[in-house]
Structures are given as C-alpha cells and as structure tokens.
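1. could you look at this predicted model? Sequence included:
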Protein chains: 2
Amino acid sequence: MKPLTSRLLVCLVASALPAFVALAADVPAMQGFTAASATTEAAVEARFDARLSAKEMKAWLERMSSAPNQIGSPHDKANAEFMLEQFRAWGWDADIETFYVLYPTPKHELLELVAPHHFRASLTEPPIAGDRSSQHPVGALPPYNVYGADGDVTAEVVYVNYGMPADYKALERRGVSVKGKIAIARYGSGWRGLKPKLAYEHGAVGCLIYSDPADDGYAAADTYPAGAGRPAQSLQRGSVADMPIYSGDPLTPGVGATKDAPRLKREDAKTILKIPVLPISYADARPFLEALGGLRAPTKFRGGLPMTYHLGPGPAKAHLVIESDWSLRPVYDVIAKLKGSEFPDEWVIRGNHHDGWVFGADDPLSGNVAMMGEMKALGALAAEGWKPRRTIIYASWDGEEAGLLGSTEWAETHAEELAKHAVAYLNSDSNSSGFLYAGGSHSLQRLVAEVAAGVKDPAGTATVLAKTRAQSIVDGLGGGGGEDGRRVAEELLAGGELPLDPLGSGSDFTPFLQHLGVASLNLGFGDSEPGGVYHSIYDTFDHYIKVQDPELAFGVTLAETAGHTILRLAGADLLPFRQQEFATSVSRYVEEVDALAVHMRAQTAENDKLIEQRIFELGAERGDPVGPPPHEAPVPFLNLAPLRNAAAALATSARALDERYAAAIASPSALSHERLAAINADLRRAEQALLSSNGLPGRGWYRHMVYAPGLYTGYGAKTLPSVREAIEERHWGEVADDVASTAAALDAYRAVLDAAVAKLN
Amino acid sequence: MKPLTSRLLVCLVASALPAFVALAADVPAMQGFTAASATTEAAVEARFDARLSAKEMKAWLERMSSAPNQIGSPHDKANAEFMLEQFRAWGWDADIETFYVLYPTPKHELLELVAPHHFRASLTEPPIAGDRSSQHPVGALPPYNVYGADGDVTAEVVYVNYGMPADYKALERRGVSVKGKIAIARYGSGWRGLKPKLAYEHGAVGCLIYSDPADDGYAAADTYPAGAGRPAQSLQRGSVADMPIYSGDPLTPGVGATKDAPRLKREDAKTILKIPVLPISYADARPFLEALGGLRAPTKFRGGLPMTYHLGPGPAKAHLVIESDWSLRPVYDVIAKLKGSEFPDEWVIRGNHHDGWVFGADDPLSGNVAMMGEMKALGALAAEGWKPRRTIIYASWDGEEAGLLGSTEWAETHAEELAKHAVAYLNSDSNSSGFLYAGGSHSLQRLVAEVAAGVKDPAGTATVLAKTRAQSIVDGLGGGGGEDGRRVAEELLAGGELPLDPLGSGSDFTPFLQHLGVASLNLGFGDSEPGGVYHSIYDTFDHYIKVQDPELAFGVTLAETAGHTILRLAGADLLPFRQQEFATSVSRYVEEVDALAVHMRAQTAENDKLIEQRIFELGAERGDPVGPPPHEAPVPFLNLAPLRNAAAALATSARALDERYAAAIASPSALSHERLAAINADLRRAEQALLSSNGLPGRGWYRHMVYAPGLYTGYGAKTLPSVREAIEERHWGEVADDVASTAAALDAYRAVLDAAVAKLN
C-alpha cells in the first residue's frame, strides 16, 4: 500500500561525517566489517550486481500484473505459487505459509444524488485506449474501501476538505457540522482511514472519499495515458481499517490468524469502521460537490475542479448503500530461507508484498520483482559456493493492501522466534524512477548511507547517495518540508549524513518494528510525480513502463541498494548498527516535543487574548466568516527532565559503544566467534528494549516508544509517540506517565548498549 | 484604477500608544486641536455626518454609471457637467479644467490561434441575465490595454505565469525563452503594465494577459451574477503605460497637457510600450493554453483551469493584430473650492476620479459618490454659516484609468501653487463593504487612527478602527502578509497604533505625493472578496448593489472617514501632523534594506555552493527539471551608516517636535495667528524636503526619496526606493550615491522639523 509520504528525510545526525564518502573511492567504508571482511564483501556485492537483470524483472512484472491479484483472487494464489517454484529453483528453502483473514468484499454498492436533482455515480473505471490491462479487468472487485461498514444511508452532504482534524476545526468555526450527514472528503493530507473515522467521530452517518484533480489529477500532471495524472473516472481503493490501533486481521489482534486461532466476533473488532464509506472519482464526485450550497469553502478547502467549492450541508442529499460478503479468505505468504553458515540463529529478514488492489503493477509488484531479482542473484551466488554468515529470510507477503495482513499474521505467529533471532527487517513496496527514500531505525542510518554511497544511479554518472542528497537539498531549500526541510538541507550542505525518515506505517515493516521491536528499514525510489493511478485499475504494466520505469532500471537500483544492505547485515563481523545517529535523533525528538508544548502554550495564550477581545467577531470577513476557536485551558509547564536525562545518558553510552566498536573492528584478532555472537546479541536486542509491555496509551499492540504511526496521521510517523500525542491531544494529566515510560524505554536501550560496551572492553 | 494591493497595513509605530483610543469615549483626541477647538470640531463633524445620505449616493451612482464613461465618451463629459452643476448648487466655487491627452483607442483587433488548429478569440463580454447595464453597452470600447503598441504579429506562444521577474527566472532555469514569441501571462501578482514590458525586455513580440479563474474567477468565489467572481468571458481592461517612469499624458511629462503645451513625438514617449498587448478572458485564453506543449508548468505557474498547464513554446501559434486611433482627447477635471476663513492660502485637497473603463460603478464611481456626499454636506454646513479655517479643494478627476491623466496634468499645471499652498492630498477610488485600508505619509498616521476611532462601522456596534484592527490581527496571525503581517498583528495586539501602508501607485495620489511632495493619504473600504468584475463590462450598478455595498452604507462610512480627515486638516490649530510615526517607519525601512542585503549576500553564497556542487543537476526531477540559477558576483558589504545616522537624527528631532507641539497645544493662549501660520508653513513643507531635484535613478519625474512605486512592482510601494532598488537590481556601484541622496533628503526633512521646533520654543 506504500505510504504516500513525501520522500523528505527528516532525521539527521548533527555531527558532520563526510569521511565515509571520501573513503568510498578506495576501500568502501563498511560499518561492522574488518578491513579483510570488507574486501571480501565488496567482491561479493560486485558479483551480486552482475547477476541482476532488468529484463527478467520486467518479464516477472508483466506476468504477475497480468490479472487482478487482490486477496482471494485466483491470480493472487497463482503469483504465490509461481514465486514458490522460482525460489526453490533458485536454491532457496521456500514454502507458502497460509493464514485465514476476515476480508469483506462488496456484494452491492449504490451511490446516488437524490436532491436537488438525481444523479447515479458510475463507480466504474472505464478502459483506456492503449492500456491493455484496463480493457480486461476480469476478476476485479468493484471499487471499495475495505473494512468500512455495511449500511444504507440517505443524508445531506457536507464537504470536509481532506477530512483531517484541522478541517473539522475549520468547519466548527464556521458553524458547519457533519452530525447526521454524509461527509465527502478528498484524498490526501492524511491517511485515508482517518477520513471516515473522523467523520464518524463527528457524527456523520456515511463518508465518500474522492480524488480531487488538484491533488493527483490534471492540476498535478497530464493525465494517463498522456502522463502520470489520475484520469477523471479513476478512483483510489484502499483499506480504512483503524490501523493505528493494530494492523493485521481485525479478528485476531496479537496472534497469528491460523486456521484454528481464537477469533473476535466481528462487532468486537476495534479496527472495523462503524459507517459505510466509498472511494469515488472526481467525475462521480462533481455532481455532489456542485449541488452543495452553504458557505463558500475557505481557501485551503479549494480543489482543482472548475467550480466554486461550497461546504453544505445540502441541498445536495446522497443515498449510499454498501453490502458486503464478510467471509474469511486465505492469504499466501511465500517465505524463503538461506541458512547462515556461521550464525544461523541470527536472521536477516527482507520483505515486499505481492497482492495488489487490481493489477498492482506499481503497487506492489515493481518492488516485488526487484526483490525477486535479489533472490535469484543470491541463489546464484550460493550455487557458486558463497554462503551468508547469517540466515537470510525473504518474504513475499500477501494481503498487505487490506491492512498488512500477511506480514502481521506471520510476525505474530513467529513472535517468539523473531524476538530471539531477528537482526533486522528490510521492507520495500512500490518502486519507481527517481531518488532513494529511506526510513527506519536510526541505528541503521550509517549503514544505509554507506550502501547508498556504493550504488550508482541508473544514469551511471552519480551515486544514489549524491543524487538523493542533492534532491533533498534542492527540495528543502525550495520550501519542501517547511522548516524541517530547510534544516535537513542546510545540514546536508554542511556535510551532514543522509538522514533516515522515522517510520510511521503504511507498509509491512509495522509489525516488525512497532509490535516486535525488530530494527527496520523501508527503502524505495521515486520522485514527486503524482501517484495518479495509485490503487486504481490503471496501475498496470502498460502504465508502469510508460510513465514510471520503462526498462526497470530503477528496479535494478533498488535490488542493488536493498541487496547490499541485506548482504552487509548478513555478512558483517559486528552487526552494522551505529548508535550515535539514534541518540542524536532521540535528543532532537525530545527538543521537538518541548518546542511543541512551548508553541501550544503561546498559541493558547494568544487565542485567549483574541477571544477576550472579540477579535474574530470584529475581524470576520463577509466571504468567510470565521468564528473564534474554542477556549482551551492554559498549557501547563511540563516536566520533561526525565526524557532529557535519558537522552543525555543515551548519548554518552552511544558514543562509548561506537568508539569501542570501532576499536574492536580495527583489531580483528580479538574478535572470536563467541565474542562476536555475544556482542551481536546485544546489538540486535537493543531495539526490543524500546518496547513497552503496556504499549501505547489506548493501543497496546503498538509497543515501540520511539516510532509509531500517529493516531491522527495514520501513515505519518510520530516519534516519542505517547508523550507527543498526550501533548497534542492536551491530555496533561497523562504526560508525566508517558514521559516516565518513554524515559524507561530509553534507559533500557541504554542499558543494552552499556552491556555491549562491557563486552567490548 | 484602484491598486489591487492587499489591505494589509505594513507600517506601524513601534511604541504602544493606546491613549487616544481611551480618550475617545469622552473628548475625542484630535491631533492639532486645542481643547476648545476640539469641542467645536466634534460638533461640526456630528452635523456633517447628519447631512450624509446613502440614498442620494445610490442615486448618483445609478445615474453616473448608466452609460460607458471612459475618456472621450459622451457620458464622461455629461458626468463632469452633472457634477459641476451639483457642486455649484451646493455652494462650491466650481469649474471644469480641461486637458488634452494622447488617448489611443482600438480601430481593429484580432486574436487567433493559427496552429495547431484554428480558433478566433471572441474578445467580447456578452450580456449577463439580470444585469441591465451589460445588456446595453452602447459606446463601450472594444477591450484593450491602453498604450500598448500597434502591431500585426504571428508567433509561437509561451506561458509565463504572472509574467513577473521571478517567473522569467523560473523559465530561464528550465531553458524556456520568449524571444520572438508571444507571451501569455495571467493577471495578478504584479501590476499589469509590467507584464508586456518584461515580455518585451525578454524579447517577446507580443503579449496576451488573461484572467485566470484561480485568481479572481470561480476558484475564488461564485461567479457573477451568483457572486463576486469573474465570469468565463470577462476580462480586465487597463493601462499598460510604463507608469513607474512617469504618470499622466505620455506626451507631456512634467508639464500640464494644456491645449498649447509642448508635446513629445509619440515615438519619443518613454511610457508607451513597444509591443502589442491584449487583455482576454480565460474562455478566450484556454484554447491557446491547451494547445501548448513543452514542459509541464511548475507548481507556482498552475492556474485554475481544468487542464495541465504547459510552458510551450508552441505548438500553439498566435496571430495578434492591434491598430489604434492615436488621437488627442479632452479630459475633464471638475475642481471645486471652499475658501478658508483664516488661512485661505493653506489648501487641503481631496480627490477621486470619475472616469471608468466601461460603466465604472465600483471603479471609480463608488468612491466618487461618497466624495460627492462629503461635498454636499460641507456645502450645507457652509450655507448654515460654518466656514473652514483653511481652503478646501475637491477634485473629481478624469482619465485616471489610462494613467492618472487628469490628476497628473492638473498637478503639473499647478505645481508652483501647490508647492506654496498644499497642506495635504486625500485620495479615494473604488469603495466597497469591509474594513478600512489606509495608506499614506506616516506623518498623518496618527490623524487617520484618531479619525478611524471616531467613525462607526455601518453595523453600528464597533468603530472603524476596532474592526480594521481586528481584521489586521486575524489576517496577520493567519498568515496574510507573511512575516510582516504577523509583526503588524503582534504589534497591534500589544497596543500599537493602526499603521498606514506606504503608498506605491495606482491612483491619483501619485502626482501629489511622489512628484510634488504633498503629504498624501489614500482611503477606502473593502475586504478580500475578489475583484472579479474589475475593469470589465460587468462593473455595473446592478453588480455593485448586488455583491458590494447594496445600500451604500459603506459609502457613508467612507464619506465620514474622509470628511472628518478633511475637516481636521482644514480646522486644526496646528496642522495635524505627527513626526514620530514617520521617523519610526523610516528607521524600519533602513533596517529592511540592510536585512535585504544580508539576505542576498547569504543567498548568493549559498547558490554559489549549490552551483559548484552541481546540486541542481543532480537533484533535478523528471517532472520539473530545474537547472542552476546564474552565478552572481558576491554581494559586497554596503555602507548604510549615512542612512542610519540620518534616521537617528530624524528620530531625535521628531520626538522634540512632537513634544513641543503637544506643549503648545496645551497652552493655546500663546498661539497667535501669525505663529500658527509660521509653524504650519514648516509642517506642510516638510514632505517637500523629501524630494530630490534629480529624482529617482532613471526616472526623474519621481522625486520622493521615501515612497515610490517599484520599477518592477508597479503599484506596490518601494520605500527608500533608490537604495532598495539599487540593492535589488545588484547595482552595487550606485548604492553609495543612493544612500547619500536619500540621507540628504532625510536630513532636509529633519532640518524643517528643527526649524519648527525653534518656532515652538
């Protein structure tokens, strides 16, 4: 499902460390490798690269995207079986692991405008000339948002812009409510699942989500087939499960959805929405929007349709009917292993999903075929006698689109083994032309930067690192990412390391990182071209080779980048973690939450002054009469000292560990197999120390105290999530507990580092 | 023609001075009035207000906007004669003063797309149901931009966004040139006349200017007749004379265009453009834009049409023909006087123009009828025995739309008298519902704030001051006006005085303020509703009473605000100037130009680093491949010390004068007629000290060294213009001279203040 977040990389080590870039020209710097091992590793990587074939990837892409492949479709199963056969042929110990998940599919859908005149929404995406797949969508499901409720509702319509919290505040200040209404929201700005959830929380009885041309249609780019923009009748399917509560099968939170697993009753599943919701095209949305009266929509609500947007409610009235088949369906995870020669109990895991919404050429198969390329190359190396020092596990997940089903159920099923054995999880999803985006655990930031410095861009003239660094600078100085984007750009220009994004959610890393505490990465390539066919019937092979990556050149680049990362994780002497980047990131997050409270305190005080002076009433414009915001209690001063102390201690320990680690690598004779195993055990269990047994407030499945998807951002990351969200939601009484539990997690992490330091002394 | 600048008020006295607001409840604070005079004045103002009639204003508006009234039209002359008759009937000493100006009008116009297919632009604005005037546009001229060149050109088209300097930089970085092409620009962002001027300077052979719906059409508001937005076939006429060089008749710069005045040859007139230019509707523009190929337009270039904007050049090719009648035409200024009883040689001047582009109900007649209301009320007071202490001159100008013709020719004709007698000039132009916007000489800031504190908003519940203050706060805190807007809002919230905007150009104050050094004000009411019928055939009485000010309530509010200002200027003991607001503004402008140089220095250095590291090439996106900016020489360190010294000395003298002034007002017995006359002579000649005999570099007609329209902003003000523009244009060698001449002007002003101080001691 690929998070539609910007590629902006928002974390960064503060100290300037350009050394490894300079080194790269001679012997590549490799975190965790002795000089001798590094030489061997470089040779293995070169052999690996030589085995990658863009042509093969393209052929796999064409085959696997040749028919609809959503959960339960024949082609989804066929793809799993095809891969199984290939993986075995390539020398992997492979199997299909099957889970049984609740997967509702539409039996009946109806959307009509019933007042002030009649219009029936087509709810179809017609064939496009020149796109072969769209001519033959046999087996495709009707467009829908999986895990919305069934229902038959008729109500006036209200336009809620992106349907995010700020939009509801803007509506309230204009006296507009969705209570008893059907909310129509446009895609974008936050995760789709939040739109019907927030509509429901504000009293709506139904929700429509449409793709406005301002966001990914003609305003952003020429529309397909001319370009990458979304055509008028295209729409975005997608899950609306309440994934910030837990991912995976709604009926089996925390346990694998095996055949005999205990299951919740459907009405007890917290992640299933309570109101019906439907994704529609702007061609279908326009008659509803045009029939809205009421206030003119404020500037930020204006989309790209050639009309004046109004808020309603009414006179537009909609009739929405959804009736689903709520059966269980199988999902097929294809799991393949290469056993480690020296440390078989240390598992390096790599995954990409294989299920799509319809044909899924971009999302997810472009990433999946790159991963297959890595597997074939690794298999070939193994056939020639090379063995990974650690066990490598590749997984092609099923059911990601509905809510990370395949990965979550597998991770939950194997939770105990993973806690013991997992080194790291590396994810990818859709892939395209452009620049590297990389998110993940900051203890792996140095590894990613080193890998990116050793992979050439397809044009061959610059490294992935140089290109991505340049793009981050251009984007950040140009205003992308706001103040944070500028900070990143300036730090990069001053010699700073390419930062990792903190991970929120939106792809299969979530169960590994945030439920199990496995250090994770998410990699891929792309640029700012709009995802105009995202989750539509037009995400096809023809589209992909026309406007995304015609010869799969970036498929190879992704395979090199991910493959080198896996090879280094599997082949390093000391596991390639580095702690100072993590410590620096944590310190910055602590400063951010402090600054957040300071800002909210000033803002609250300023608002109170404005309310008292009746500034909003006096200054209201005829065209957009905005009332005052609600009065809020003053923001108290918060004791963040435990966090600061924990972050400071962490920084000291991180520096100590990195120094001892570097010294140890420089004296390889002292690194016995047993010593390496013992130290590496600390390095790989460190991330698990960041888990809290209680999990995050109100959503205990999410246990990571540093990285989480936001309750009200969905895909977007919240760092130090319990503290940050307590402040954002003004739960002042909870902040002290959240500070304590987060500081405890940081202290636990620090203690693991100190244990490793002791072993390195 | 009404500057389409935001109402954001960008200057502000730094010291918090809420005292006069508190006083207003008892005896209104009145700058320059002794306690006894203030009591009398308050009574006169109350009688004045009682004489104002919204109903009369509405009747005048309907009558005067009943037929097209551009220069040379029968109804333009009829309006002048109607006013003359009224003014005389109301007791004014009135006459029509006629000038003869070059005023080209179209004989033949053609615009067609000749490739890749044919389309002929309609160049017409059809009648709108329910709008009576638009049904009968007898005597209206074809739409055109006056003072564009005649020509017959055929060339490929290039889309240049707003056609401002930044847009050409963006095009150059994408390898797109307008050389030999026809530029198509959208209205907005800067003054219209700059669009063809810049197109010409970049090599274009013709220019089209269209109204994009994103700026004042359906994206901004429901379109007329439903709301204030511009309909599809509406277009914006307007002057494209190069007015930042000089205003008025192109053939008579610096002298009045009397019958026998010496005239330039047309080809020697610097303000006439060199290429043909035509204003068109988006209905006419769309086929040209849709036929453009080439690169996709970057984000900032995207308008509101339902299409993907491209830059070209071509394949769209346009054929543009304009042929004009270049005759001289008469303009009729209606000038009316009420002689002062005590100081007849001190002239207080008030003006608004009466010519429109077609019917001109909003622009300018809404302001003109408010002014007529003031005149009738003043006439009635005079008939009852009241006499102004100073001479009051009211002027209804003709020919403003073409380039401030009537006001400029009158001011140039009477330059010597004005230098001797003028106290101040108060301008208005179009008026609408909303909040006060006030620009002008900062020595009049306190006067305006005091007047606004004494006028009630039409709703009757708050003063104009309270409403406008609130709106500035809401707008500034909401992001309007950027950092400057927030600063103004915060200063207002902290108790600061309502600031005056510095004046650029765009209405009839320009010849008074910037050519003659008469302290000036520009007042009016409005809000952020789009000027969707601005300069179109739909600026009618029906439109005005439907969407602007149905009962002319704000006509009365403007008449009260402007009338009280005139009454105070004409009735004060000491002229109501206050110097500290001016000194504070000047100090801030000095800091701004310093900050500008600092910013440019850092930006230039950063760009050089980016260029050297090839960041733009490496970071270029597929969808918008932006090359590097040109290398610029480093920004030298500049000696602004003379400006700082002059500003510091000015601040000291201003404080001294204001203190002595206040003391003198508090002891009225010492204020003899002769002493008042002597001190007031200093106060009214102070602004003239800010003139430089050489004028601004390259445009000597503009002589004011503190306020000017920008060479590349047109309407927008540039403060300390010679210094600021030398820095902006990187004319480093000229900065020292500009600093010296500006400091000299400030010193000359200070010397006048010191002379007044001596007389007050």
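-> Structure's in. What do you need?
2. could you give me the average pLDDT of stretch A:740-754?
-> The average pLDDT within stretch A:740-754 is 98.
3. gap between it and the chain center?
-> Distance of stretch A:740-754 from the chain centroid (C-alpha atoms, centre = their mean, to the nearest Å) equals 26 Å.
4. so what touches it?
-> By C-beta atoms under 8 Å, 6 or more residues apart in numbering or on different chains, the list of residues contacting stretch A:740-754 from outside reads A:579, A:586, A:642-643, A:645-647, A:649-650, A:653-654, A:656-657, A:682, A:685-687, A:689-692, A:694, A:705-706, A:720, A:722-723. Yep, even glycine has a C-beta here, placed from its N, CA and C like the rest.
5. buried subset of these?
-> Buried members of these, scored by 16 or more other C-beta atoms under 10 Å in any protein chain shown, are A:579, A:586, A:642-643, A:646-647, A:649-650, A:653-654, A:656-657, A:682, A:685-687, A:689-692, A:705-706, A:720, A:722-723.
6. next, A:Asp93: phi, psi?
-> When read as degrees, to the nearest 10, the backbone of A:Asp93 gives phi -90, psi 90.
7. A:Gly571 is in contact with A:Val44, isn't it?
-> Yes - the pair A:Gly571 and A:Val44 passes the contact test of C-beta atoms under 8 Å, sitting 7.1 Å apart.
8. for those two, work out which one has more neighbours and name it.
-> Comparing A:Gly571 with A:Val44 by other C-beta atoms under 10 Å in any protein chain shown, the one with more neighbours is A:Gly571, at 26 against 18.
9. dump the residue contacts of that one.
-> A:33, A:37, A:40-41, A:44, A:388-390.
10. mind doing that once more with 6 Å?
-> If a contact means C-beta atoms under 6 Å, 6 or more residues apart in numbering or on different chains, then A:Gly571 has A:41, A:389 as its contacts.
11. please report how far it lies from A:Gly563.
-> Distance from A:Gly571 to A:Gly563, counting by C-beta to C-beta, to the nearest Å: 12 Å.
12. likewise A:Gln86?
-> From A:Gln86 across to A:Gly563, the span is 17 Å (C-beta to C-beta).
13. picking up where we left off before, filter the buried ones among the contacts of stretch A:740-754 down to the ones close to chain B.
-> Near chain B, taking C-beta under 6 Å from any C-beta of the partner chain as the test, no member of the buried ones among the contacts of stretch A:740-754 is found.
14. so which of the residues you listed are in helices?
-> Mapping the buried ones among the contacts of stretch A:740-754 onto helices (DSSP state H) picks out A:586, A:642-643, A:646-647, A:649-650, A:653-654, A:656-657, A:682, A:685, A:722-723.
15. I'd like the next helix or strand past the worst-scoring helix or strand of chain A on mean pLDDT.
-> Least confident element among the helices and strands of chain A, by mean pLDDT, DSSP states H and E: helix A:19-23 (a mean of 39). As assigned by DSSP states H and E, the chain's next helix or strand after helix A:19-23 is helix A:35-50.
16. mind listing what's buried in that following helix?
-> A:37-38, A:41-42, A:44-45, A:48-49.
17. tell me the one of these nearest chain B?
-> Among these, A:Asp49 lies closest to chain B (C-beta to the nearest C-beta), at 21.6 Å.
18. where do the helices sit along the stretch 401-550 of chain A?
-> Taking DSSP state H, counting those that start in this stretch to define them, one finds helices in the stretch 401-550 of chain A at A:405-413, A:415-421, A:445-453, A:464-477, A:482-493, A:509-510, A:541-543.
19. out of the ones you listed, which comes closest to chain B?
-> With C-beta to the nearest C-beta, the closest approach to chain B among the helices of the stretch 401-550 of chain A belongs to helix A:464-477: 3.4 Å.
20. give me the angle between the closest one and helix A:445-453.
-> If you take axes from the mean of the first three to the mean of the last three C-alpha atoms, to 10 degrees, helix A:464-477 sits at 110 degrees to helix A:445-453.
21. now helix A:464-477 against helix A:482-493, angle please.
-> Angle of helix A:464-477 versus helix A:482-493, following the same axes, to 10 degrees, is 140 degrees.
22. wondering if helix A:464-477 reaches chain B at all.
-> Yes - Helix A:464-477 is in contact with chain B by C-beta under 6 Å from any C-beta, via A:466-467, A:470-471, A:473-474.
23. run through who's touching that helix.
-> Residues outside helix A:464-477 that contact it (C-beta under 6 Å, 6+ apart): A:9, A:435-436, A:452-453, A:455, A:457, A:485-486, A:488-489, A:492-493, A:498, B:615, B:618-619.
24. swap in stretch A:409-421?
-> A:99, A:248, A:255-257, A:333, A:345, A:347, A:511-512, A:516.
25. which among those gets closest to chain B?
-> Using C-beta to the nearest C-beta, the contacts of stretch A:409-421 come closest to chain B at A:Phe512, 31.5 Å.
26. A:Tyr200: which element?
-> Following DSSP H and E, one finds A:Tyr200 within helix A:194-201.
27. what lies in contact with that helix?
-> A:163, A:178, A:183, A:185, A:207, A:209, A:240, A:242, A:273-275, A:277, A:714.
28. show me the two of those residues that sit farthest apart.
-> Across those, the longest distance by C-beta to C-beta is 19.1 Å; it joins A:Val178 and A:Gly714.
29. interface residues of the stretch 201-350 of chain A facing chain B?
-> Listed as neighbours of chain B in the stretch 201-350 of chain A under the rule C-beta under 6 Å from any C-beta: A:218-219, A:222, A:302, A:306-308.
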